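> show me the folded form of this:
(chains A, B, C and D)
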There are 2 protein chains.
Amino acid sequence: MPPDPETRRSDCPISFALEIFGDRWTLIVLRDLMLRSRQRYRELLEGDEGIATNVLAERLKRLERRKLITRKRDPADARQFIYLPTELAVSLVPMLVEMIVWGIRTGDKEVGSEFLARFETERDTLIAELQAKVRKDADL
Amino acid sequence: MPPDPETRRSDCPISFALEIFGDRWTLIVLRDLMLRSRQRYRELLEGDEGIATNVLAERLKRLERRKLITRKRDPADARQFIYLPTELAVSLVPMLVEMIVWGIRTGDKEVGSEFLARFETERDTLIAELQAKVRKDADL
DNA sequence: TAACTTACTTGCATAATGCAAGTGAAAATT
DNA sequence: AATTTTCACTTGCATTATGCAAGTAAGTTA
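Just a heads-up that it's a prediction; the model follows:
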């Protein structure tokens, strides 16, 4: 019998977190969902990095199982589903912000300098505002 | 010709960060290196999660190429190498701490409650202390 | 009612990971 | 000095994940 992929490798919180989003795509999907307000499959597929459709489908299922997102039919178009972050996903924003800041500082592109400036002068407010916006978009 | 694996998928800082440590193992190695003071190959191999030896070897090379760690011969034993985090790795500590906190809160194990308490009352000091300790261990 | 859209699934090639065994150099033991 | 052990890997191979292109079923639009 193959080992249950849901079984934890250890009790370490970092290890636990990585079992949920320790791959190349999960946090990209959460970024699009939370920071770019994409809520439909097609919108997520069209993200800058070009996620493969099967990978996106698998990640969405997993995020739903892990209760980081919800999936509901679009009342205005029964073909579509609306994916929205949960409060658990919102609680990831501080980590995401730290990751963004590290990426801006380290990636030597001219992207993100205003975000960085804001972070350096008022980190807590920045995070609170981002979280408020996500909650608003997701009706939380 | 296969695409250069070093080429960025986009200019997004999150995407950039994930290209460096967006996998199941890289941050585990950095955790052991920085927060558990493991500096030799064997010590890293013996980590709780059981990383495979070929994977560890590949990650160490990549971390060195990316300048997150250095590799030096142990003057006391010429078989061994000492792996140490660089200042760039130290700058990842805030993100790691946020990840740890999320993992503690989300993972419903009884680990980390004192870390969490400390984080909630004095986040900045906690991070500064952790960074100071890493720098000290690594002679930075 | 025919032609799209949308959200997927499927099949297949390639890449990443896991596992066990092997190698070569240096250190410790006899 | 010879042998054994330790150390830091490498290699080979099976399994799993990812990337890519095409296909499908249900719902919408023309």
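> please count neighbours and contacts with C-alpha atoms only from this point.
Will do.
> which residue is nearest the middle of chain A?
Nearest residue to the geometric centre of chain A (Cα atoms, centre = their mean): A:L30, 1.5 Å.
> contacting residues for that residue?
Counting by Cα atoms under 8 Å, 6 or more residues apart in numbering or on different chains, A:L30 touches A:85, A:89.
> and it, how far from B:M95?
Look at A:L30 and B:M95: by Cα to Cα, to the nearest Å, they are 16 Å apart.
> what average pLDDT does the strand or helix carrying the residue nearest to the centre of chain A get?
Using DSSP states H and E, A:L30 maps to helix A:26-35. Average pLDDT, helix A:26-35: 98.
> likewise stretch A:121-129?
Stretch A:121-129 shows a mean pLDDT of 98.
> next, the buried residues of that stretch.
Using 16 or more other Cα atoms under 10 Å in any protein chain shown as the test for burial, stretch A:121-129 gives A:123, A:126-127.
> then that stretch to CSV, C-alphas only?
The C-alpha atoms that make up stretch A:121-129 are tabulated as CSV, following Å, rounded to 0.1, in the frame of the first residue of the first chain:
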residue,chain,number,x,y,z
THR,A,121,7.3,52.5,6.7
GLU,A,122,4.0,50.9,7.7
ARG,A,123,4.1,47.1,7.4
ASP,A,124,1.2,46.4,9.7
THR,A,125,-1.2,48.8,8.0
LEU,A,126,-0.2,47.5,4.6
ILE,A,127,-1.0,43.9,5.7
ALA,A,128,-4.2,44.9,7.3
GLU,A,129,-5.3,46.7,4.2
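> the lengthiest helix in chain A: how far from the chain's middle?
In chain A, taking DSSP state H as the definition, the longest helix is helix A:113-137. On the basis of Cα atoms, centre = their mean, to the nearest Å, helix A:113-137 sits 15 Å off its chain's mean C-alpha point.
> only alpha carbons, please: show stretch A:26-40 as CSV.
This file holds the C-alpha atoms of stretch A:26-40, laid out as CSV (Å, rounded to 0.1, in the frame of the first residue of the first chain):
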residue,chain,number,x,y,z
THR,A,26,0.0,26.6,-5.1
LEU,A,27,1.1,30.1,-3.9
ILE,A,28,0.9,31.4,-7.4
VAL,A,29,-2.8,30.4,-7.4
LEU,A,30,-3.4,32.0,-4.0
ARG,A,31,-1.6,35.1,-5.1
ASP,A,32,-4.0,35.4,-8.1
LEU,A,33,-7.0,34.6,-6.0
MET,A,34,-6.2,37.0,-3.2
LEU,A,35,-4.0,39.7,-4.6
ARG,A,36,-5.2,39.9,-8.1
SER,A,37,-8.9,39.1,-7.5
ARG,A,38,-9.1,36.3,-10.0
GLN,A,39,-11.9,34.0,-9.1
ARG,A,40,-12.7,31.9,-12.1
